[in-house]
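A.B. asks: Here is the input, now give the coordinates:
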Amino acid sequence: MGVAILKPVVFNSANINGAETAHCESRVEGGTLITRPGTSNSDCARLCLMETEIDCRYFKFKRSKSVCILSPTLDVNVNGLMKIDKAEPAANSEPASTWLSQLQARILALEQRNIDVKLLHKDIVDLKAEVMGLKNSRALTHHLLRTTKEQEDQNIAAVDQKIEVLKAESKRVEDAVMTLGDLEKTLGNKVRKTNEEQRQEGLTIAMMVGPELKEFRVSQTTLGEALGMLTKKMMKMAPLIPALERKFDTKLAVLVELEKQAVNLKEQLVFLNNRLGYTEKELKAAMDPMSKENVEQRAMMTDLRKSVSTVENEEKKLEEEVQEEEEEEEEEEEEEEEEEEEEEEEEEEEEEEEEEEEEGRGGGGGGGGGEGEGGGEGGEGEEGEGEGEGEGEGEEGEEEEEEEEEEEEEEEEEEEEEEEA
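C.D. replies: Just a heads-up that it's a prediction; the model follows:
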């Protein structure tokens, strides 16, 4: 019994497309290709098993047109044909195991093996592309870590510089307070001496020393105002130092988190390097999603994500607490400033009342102690000079106060700008 040899026939893409669009069969010399509508590889396999027109052994799913190509034999002109496990038909009574049939079966097996090798090469190319993508992502993460670390170093250096500047300014303020305290002591001693001399020498000497006392009192009030302003500045600057320290601590916490993330990335890189050295069996075991290692790694990743979310929530809570503390400190500073202003106004009113009482006492003493009209006129002239000097000094004091207030406002604006920065 003779065996028919299949002759190779070129089955071009035009014939395939025509067969797919019409959903008909294309018969060529030595074999038959049939197209049927399908949606997936499993659907095509089912259609191949159910086909009655031909003895379907191979199929291919074409995704672009959603059709299945069915064939009874392996056609080398159609790439990607898949073999289906189908029961062989019942053997004829006559034996057909000749050397030609064996040779044909061996050729078909070699062709199937060639197709499998091509698919394997395609998978290898895909894996190489994935490895290149992982290398690029690793380089990107290294770059991001380096830039973030440099930025954090710059921020820390800027904070250290600001702290040093604030320390220098606080030291200057302390030196100024010490010098002003010494001046206040010397002025207090002078006022005490002048009061003793006034009691000893009598009312006439007191009249002569009156303008000097006014000068001392005016200078004393100006020194008191200066001390008040310096204390205000110190009170304003003191709360800024803890806030800067807290910011510094938060930055350190962020750096610690970044270091932890860097350690995790290093572990991932070690893991990827180990994967690159896997054999084919190890690679299949690693790619299996239900393997023990992959299950453990997924559990570890979920735990890491949970810990990262908790850390982020704690950072948000800390930032909110810091903002609330800063707002409370600002409110307390405003209340203290209002109280100090009220106290200064009360002290000024008391000093004005005391000056008015002393002027009334000085006028009464001049009228009773003078021995003639000439003496009275001389006393009035001295009083006029004293009043003129007092008015001039009062105007100078007001100008100095205005200048100091302007300087305070400028300093407050600078501090606010620094805080915003």
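
A.B. asks: how close does R138 get to A253?
C.D. replies: Summarising the geometry, the distance separating R138 from A253, computed by CB to CB, to the nearest Å, is 26 Å. In short, each C-beta sits where N, CA and C put it, glycine included.

A.B. asks: oh sorry, the question was meant for E340
C.D. replies: 37 Å.

A.B. asks: What of V173?
C.D. replies: 32 Å.

A.B. asks: Please apply the same query to G38.
C.D. replies: Using CB to CB, we find G38 at a distance of 59 Å from A253.

A.B. asks: When these two are compared, which one has more neighbours?
C.D. replies: Set G38 next to A253 and count neighbours by other CB atoms under 10 Å: G38 wins out with 24 against 14.

A.B. asks: so where do the strands sit in the protein?
C.D. replies: Counting by DSSP state E, the chain forms strands over residues 25-28, 31-37, 58-62, 67-71, 82-83, given from the N-terminal end onward.

A.B. asks: Let me see the contact set for the residue nearest the centre of the chain.
C.D. replies: Within the chain, one residue has its C-alpha closest to the average C-alpha position: by CA atoms, centre = their mean, that is V254, at 8.9 Å. V254 is in contact with 152, 315, counting by CB atoms under 8 Å, 6 or more residues apart in numbering.

A.B. asks: Got the confidence number for it?
C.D. replies: Note for V254: predicted pLDDT of 86.

A.B. asks: low-scoring stretches of the stretch 101-250 of the chain, by residue?
C.D. replies: By pLDDT under 70, the low-scoring segments of the stretch 101-250 of the chain are 202-210, 237.

A.B. asks: 90 instead?
C.D. replies: Counting by pLDDT under 90, the stretch 101-250 of the chain contains low-confidence residues at 101-113, 116, 138, 142, 149, 152, 160-161, 164, 166-250.

A.B. asks: Most tightly packed of the strands of the chain?
C.D. replies: Sort the strands of the chain by mean neighbour count, taking mean count of other CB atoms under 10 Å, and strand 67-71 sits at the top with a mean of 24.

A.B. asks: For it, what does the pLDDT average out to?
C.D. replies: Averaged across strand 67-71, the pLDDT comes to 89.

A.B. asks: in its sheet, what does that strand sit against?
C.D. replies: If you go by DSSP bridges, strand 67-71 pairs up with strand 31-37 (antiparallel), strand 58-62 (antiparallel).

A.B. asks: Using TSV, lay out the ones you listed together with mean pLDDT.
C.D. replies: Output for the strands paired with strand 67-71, formatted as TSV (pLDDT from 0 to 100):
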stretch	mean pLDDT
strand 31-37	80
strand 58-62	88
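
A.B. asks: Make a markdown table from those strands and add distance to E412 to it.
C.D. replies: Written out in a markdown table, the entries for the strands paired with strand 67-71 read as follows (distance: least, CB to CB, whole Å):
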| stretch | distance to E412 |
| --- | --- |
| strand 31-37 | 80 |
| strand 58-62 | 76 |
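
A.B. asks: Which one of the ones you listed lies nearest to K185?
C.D. replies: Distances from K185 to each of these were compared using CB to CB; the shortest belongs to strand 58-62, at 102.2 Å.

A.B. asks: Roughly how far does the closest residue to V131 other than its chain neighbours sit from E349?
C.D. replies: Using CB to CB, 6 or more residues apart in numbering and skipping the chain neighbours, the partner closest in space to V131 is L276 (6.5 Å). Between L276 and E349 the distance, using CB to CB, works out to 86 Å.

A.B. asks: Then E337?
C.D. replies: Plainly put, E337 is 19 Å away from E349 if you go by CB to CB.

A.B. asks: neighbour count winner among those two?
C.D. replies: In this view E337 and E349 are compared by other CB under 10 Å, and E337 has more residues nearby, 13 against 10.

A.B. asks: Next one: the more buried one, what pLDDT does it get?
C.D. replies: pLDDT, the model's per-residue confidence, is 83 for E337.

A.B. asks: Ok, the one 4 residues further on next?
C.D. replies: pLDDT recorded at E341 is 84.

A.B. asks: which residues touch it?
C.D. replies: So, once contact is read as CB under 8 Å, 6+ apart, E341 ends up touching nothing.

A.B. asks: Next: L81.
C.D. replies: Listed by CB under 8 Å, 6+ apart, the contact partners of L81 are 58-60, 69, 71, 74-75, 115.

A.B. asks: OK, contacts around the residue lying closest to it once chain neighbours are set aside?
C.D. replies: Nearest residue to L81, sequence neighbours excluded (CB to CB, 6+ apart): Y58, at 4.3 Å. If you count contacts by CB under 8 Å, 6+ apart, Y58 has them with 48, 70-75, 81-84.

A.B. asks: mind listing the helices for the stretch 251-400 of the chain?
C.D. replies: In order along the chain, the stretch 251-400 of the chain carries the following helices (DSSP state H, counting those that start in this stretch): 280-287, 292-369, 373-420.

A.B. asks: List the buried residues in the first one.
C.D. replies: Along helix 280-287, no position meets the burial threshold by neighbour count (16 or more other CB atoms under 10 Å).

A.B. asks: That helix vs helix 292-369, what angle?
C.D. replies: Regarding helix 280-287 and helix 292-369, their directions subtend 50 degrees when assessed with axes from the mean of the first three to the mean of the last three CA atoms, to 10 degrees.

A.B. asks: what about L255, distance to F271?
C.D. replies: Distance, L255 to F271, using CB to CB: 25 Å.

A.B. asks: Then E212?
C.D. replies: Counting by CB to CB, the gap from E212 to F271 is 89 Å.

A.B. asks: Over to E330?
C.D. replies: Using CB to CB, one obtains 50 Å as the distance from E330 to F271.
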